[in-house]
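Undergrad: Any chance you can model this:
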Amino acid sequence: MKTNDRRLAAFFGVLTLILVLVTLTNEDFLHWVFERHQNQLSWYLRPLFLIPFCFFAYQRRWAGLTGTVFILLTSTFWFPKPRVVDESVRQFLQFEQEWLRGPWDLGKICLSLLVPVSMAALGMAFWKKSVLLGLAVLFSIAVGKICWSILQAGQAGAATVVPALLGLLICCLLTYFGVKHLERQTR
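TA: The predicted structure is shown next:
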């Protein structure tokens, strides 16, 4: 079982790396992704993938962790391009797209590394069965996303507040009660 878990984890890891590289190097694909990411359903859905991520970390299943990250990344383009786009959403995603296309200096690289570092911290907290630390990391991820969005994109960044806070609330509640349920089952 562990060998298959590691192989599947490596498979999803490679797929994730390919997806990130294609997105960052192919202008047409990046544009296609951002057109679909204007559909706010993906904004509300994406934070919910942190729930299975926490579950798989708690269960110590590498394939589940890497598979969830891959699915989380692809969820930006699951929904069709909306017919009507809120102006703040359009402006924020335009900013994000330009930010990704802009020059990459050391500061931008370090800031971008906060995403995988925070995911690793989240996974580690639940791997170690530290629910409170895990919930604190979830809180930090949501607050960090909101702060970065508003500080970098101004008023347009405020479009991320409701999806991030709602996602945080749902993730924290379901993760907390899910872990408590798992703990009761193992007694």
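
Undergrad: which regions of this structure sit below the pLDDT cut-off?
TA: In the prediction, the chain carries residues with pLDDT under 70 at positions 1.

Undergrad: the helices in it, which residues?
TA: Assigned helices in the chain, in chain order: 2-25, 27-37, 40-45, 50-59, 62-74, 87-101, 106-127, 131-153, 161-186 (criterion: DSSP state H).

Undergrad: so which of those comes closest to residue 80?
TA: Taking CB to CB as the criterion, residue 80 comes closest to helix 27-37 out of these, the separation being 6.6 Å. C-beta: built from backbone N, CA, C; applies to glycine.

Undergrad: what helices or strands is that closest one leaning on?
TA: With contacts taken as 3 or more CB pairs under 8 Å, 6 or more residues apart in numbering; DSSP states H and E, helix 27-37 sits against helix 2-25, helix 87-101.

Undergrad: Need the winner for burial among those.
TA: Of the helices and strands packed on helix 27-37, the one with the most neighbours on average (mean count of other CB atoms under 10 Å) is helix 87-101, at a mean of 16.

Undergrad: relative to helix 106-127, how tilted is it?
TA: Here the directions of helix 87-101 and helix 106-127 differ by 110 degrees (axes from the mean of the first three to the mean of the last three CA atoms, to 10 degrees).

Undergrad: For the helices and strands packed on helix 27-37, give me CSV that also has distance to residue 47.
TA: Supplementary listing: the helices and strands packed on helix 27-37 in CSV, determined by distance: least, CB to CB, whole Å:
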stretch, distance to residue 47
helix 2-25, 18
helix 87-101, 16
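
Undergrad: Indicate which one of these is closest to residue 74.
TA: The nearest among the helices and strands packed on helix 27-37, by CB to CB, is helix 2-25 at 6.9 Å.

Undergrad: neighbouring contacts of the closest one?
TA: Where contact means CB atoms under 8 Å, 6 or more residues apart in numbering, the residues beyond helix 2-25 that reach it are 29-30, 33, 61-63, 65-67, 69-70, 73-74, 100.

Undergrad: Make a ChimeraX selection of the buried ones in the residues you listed.
TA: With 16 or more other CB atoms under 10 Å as the burial test, the buried ones among these are selected in ChimeraX as follows:
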select :30,33,61,62,63,65,66,67,69,70,73
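
Undergrad: and of the contacts of helix 2-25, the nearest to residue 169?
TA: The nearest member of the contacts of helix 2-25 to residue 169, counting by CB to CB, is residue 69 at 22.0 Å.

Undergrad: Nearest residue to the closest one in space, please, no chain neighbours.
TA: The spatial neighbour of residue 69 that comes closest, neighbours along the chain excluded (CB to CB, 6 or more residues apart in numbering), is residue 16 at 5.7 Å.
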